[in-house]
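Peer 1: Requesting a structural model of the entry that follows:
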Amino acid sequence: MWDDLRMKILVAGLSPLGQLMSSAGLIWWPYLLSAFVIALVTYWLAHGRATSALREFRRRFLSRQIWLHRSARGDYAFYVVNGILYPLMVTPVVLGGATIGTMVQRGLDTAVGGPADPVANAVVLRLVFTIAFFIAYDFGRFVAHSLLHDVPLLWHFHKLHHSAEVLTPFTSYRIHPVDLFVMQIVPNATTGVVSGIVWHAAGGQVGFYTFFGLHAGIALFNMIGNLRHWQVWISFGPVLNRWLISPAHHQIHHSAEARHFGTNRGFELAIWDRMFGTLYVPVAEERFALGLGDGSDGTWHSLGAMYLRPFRDAIAEWRRRPRPASVPVIAARRRVLGLGLAGAGAALLPIRPAEAAAAAPVFLEDLTWVEVRDAVAAGHRTVLVPTGGLEQNGPHMVLGKHNLLVRCTAGEIATRLGNALVAPVIPYVPEGRFDPPEGHLRFPGTVGVSEATFDGVLRDTAASLALAGFTCICFLGDHGGSQPTQERVAAELTAAWRRRGVRVANLLNYYAANGQEAWLKQEGYAAAEIGTHAGLLDTAELLAVAPAGVRTARLSSADAPPASGVAGDPSRASAALGRHLLELKIGAALAQIRNIQV
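Peer 2: Numbering: from 1, shown residues only. Modelled structure (predicted):
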């Protein structure tokens, strides 16, 4: 008995070193090397293949500020200690996937009898098992991860992982033993069920295809797995980002900003996040702080806090009076949590969103003058001036379409920037000649102003904001007719105010260089359907922001002849399309603003 215990302790003590030398470990040295090469080459190609890009890569991603940060040093210590304790304390009580699979197989054999012959040949069965196992494994991890975020008691243990202030491959191991238990038992249950079903159908156990001794799919993703916890921005592009989880997805998951909380819970496949409403698709590179966002990050990096604080906080949570009806949970979240709770054997735990931080207000009209003053003093010196329009949008959309859209996107852009506020929407813009009326002014309800009036409103608005201390004033126009005046006014004011250190810009890329039409064509929509006004593109955007502003009964192109003010076919518009289209506009604006702020 004692010899066996000593052997277990010896093996556990060598476990941290073995992770570097075993293909079963995420930080196996070939995986680390592949991640480094991919990161370096990707960054070099994206930055002009210049020698300066390599120096910048070294400065940004190999610096002492990351690798010797107190958070990183805590990761290293926790990796060693947890690597010793976990095999001794947790592994013995985790029911393995193979064990569950055998139980399922025997249960099916007993209930319905084993098949006389396998349902397919060995090659087909192995291929099916390889794919099914991978899907079940990834779904199990998504469910477990959602449990850790949405069950308050479990969130206290998962907070340790999110308390990291910098990301290195060792952050993957900054996981409390209770967290690890959940992350193992749920995937073991999902893969065990799949294994048992396949083994029953095959009349015996079937293996999956392997690479480096691991499941082929898991090994493939491990080649880039360490990039999830390293601050090099690697995205798979607008199409694949909707299907696969890129390193950028997971870095966003670690963001301390409220808009990112609880998003991108998947590991390999993005379809689970899409299904359950937690997908945040990376568009352009984003800069954000890492951690919990509650000011406590720096208190988590000692071993004592890492192991004991989650228990203390969970006990405090348990003692609170339960409030099961305090916050409604969306239907999709209930489904995924129900599945996960059943798999984890915790169906009686109370469920409510664990992260309750709210985004700070960014709209000037929602702030007092003192709050604006303090925000500017704290560094919020960028301000967006959204311009919309009140014009006809066909028989199926409300006149205020542009105002609704630009207020929503301006708020999101300011929130993501983290150092910006939003002025009230300027609702009236040039709509053409009044006498005789032309363009949209031929339709009842359209309200336009002259170029001179619009010019004056822009100048006076910018002058007011400059007096408040804003030094980067950005016109954000959702209407094509506004762009020429905004461009001209921005250029003239920048030239006039340069000595004051104030810059005025028109965010033309938001409107004219956002890639929306190219993406829609790539998705199979024709230019005639996309349209130039009140067609599929415009309608999809409004469905995403304010669906009540769309009269769905009139979406058919038969109800929208040219005389009705529609140029395009809105009949196939959807909120899902609109959300992606708005992300493209937001990403284009963010990239332009960040170039201005540099």
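Peer 1: what's the following helix or strand after the longest helix along the chain?
Peer 2: Counting by DSSP state H, the longest helix found in the chain is helix 122-150. Sequence-wise, the next helix or strand downstream of helix 122-150 (DSSP states H and E) is helix 152-162.
Peer 1: buried residues in the helix or strand just after that following helix?
Peer 2: Using DSSP H and E, the next helix or strand after helix 152-162 towards the C-terminus is helix 177-202. Going by neighbour count (16 or more other CB atoms under 10 Å), the buried part of helix 177-202 is 178-202. In this view, the C-beta of every residue, glycine as well, is placed from N, C-alpha and C.
Peer 1: where does this protein have low pLDDT?
Peer 2: When residues are selected by pLDDT under 70, those of the chain lie in 1-24, 87-91, 114-120, 211-213, 320-360, 556-562, 597-598.
Peer 1: Quickly list the domain ranges of it.
Peer 2: 2-344, 364-597 (automatic domain parsing).
Peer 1: residues near P282, how many?
Peer 2: 22 (other CB atoms under 10 Å).
Peer 1: go on, E257?
Peer 2: 19.
Peer 1: can you tell me which residues contact it?
Peer 2: E257 sits next to 288-289, 293, 359, 415-416, 418 when contact means CB atoms under 8 Å, 6 or more residues apart in numbering.
Peer 1: The most centrally placed residue in the chain sits in which helix or strand?
Peer 2: Centroid-nearest residue in the chain: Y280, 2.8 Å away (criterion: CA atoms, centre = their mean). Using DSSP H and E, Y280 sits in no helix or strand.
Peer 1: Which residue is the nearest non-sequential neighbour of it?
Peer 2: Using CB to CB, 6 or more residues apart in numbering and skipping residues adjacent in sequence, the residue nearest Y280 is T263, 3.8 Å away.
Peer 1: What residues does that neighbour make contact with?
Peer 2: T263 neighbours (CB under 8 Å, 6+ apart): 252-253, 273, 278-280.
Peer 1: which of these lies closest to A495?
Peer 2: Closest approach between these and A495, by CB to CB: I252, at 37.9 Å.
Peer 1: distance of the closest one from R106?
Peer 2: 43 Å (CB to CB, to the nearest Å).
Peer 1: What are the boundaries of the helices in the stretch 401-550 of the chain?
Peer 2: With DSSP state H, counting those that start in this stretch as the criterion, the stretch 401-550 of the chain has helices at 401-417, 451-467, 483-497, 508-512, 516-522, 527-530, 536-545.
Peer 1: one step back: out of I252 and R106, name the residue with the larger neighbour count.
Peer 2: Here I252 and R106 are compared on neighbour count by other CB under 10 Å; more neighbours surround I252, at 20 against 14.
Peer 1: Run through who's touching the helix or strand where the more buried one lies.
Peer 2: Element membership of I252 [criterion: DSSP H and E] is helix 247-253. Applying CB under 8 Å, 6+ apart, the set of residues contacting helix 247-253 from outside is 167, 224, 227-235, 241, 260, 263-266, 270, 280-282, 285-286, 288.
Peer 1: Keep only those of those that are in strands.
Peer 2: Residues of the contacts of helix 247-253 located in strands (DSSP state E): none.
Peer 1: who's in contact with T532?
Peer 2: 567-568.
Peer 1: From T409, how far out is it?
Peer 2: For T532 relative to T409 (CB to CB), the value is 20 Å.
Peer 1: same check, this time on S482
Peer 2: Taking CB to CB, one finds S482 at 15 Å from T409.
Peer 1: Then V198?
Peer 2: 47 Å.
Peer 1: ok, now R228?
Peer 2: Distance of R228 to T409, computed by CB to CB: 29 Å.
Peer 1: Can I have the buried ones of the contacts of E257 as a ChimeraX selection?
Peer 2: Per 16+ other CB under 10 Å, the buried members of the contacts of E257 correspond to this ChimeraX selection:
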select :288,293,415,416,418
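Peer 1: between the contacts of E257, which is nearest Q486?
Peer 2: Q486 has its nearest neighbour among the contacts of E257 in R416, at 21.6 Å by CB to CB.
Peer 1: In contact with the closest one: list those residues for me.
Peer 2: 257, 259, 286, 288, 586, 590.
Peer 1: Between the contacts of E257, which sits nearest Y428?
Peer 2: Distance ranking of the contacts of E257 against Y428, using CB to CB, places T415 first at 26.0 Å.
Peer 1: show me what contacts that closest one?
Peer 2: 257-259, 359, 362.
Peer 1: Out of those, which sit inside strands?
Peer 2: Counted as lying in strands by DSSP E, out of those, is not a single one.
Peer 1: So G293 versus S163, what's the distance?
Peer 2: 10 Å.
Peer 1: And R259, by the same measure?
Peer 2: According to CB to CB, R259 stands 19 Å off from S163.
Peer 1: Which of the two has more residues huddled nearby?
Peer 2: S163 (25 against 15).
Peer 1: Return the residues in contact with that one.
Peer 2: Counting by CB under 8 Å, 6+ apart, S163 has contacts 71, 174, 291-292, 296-297, 300-301.
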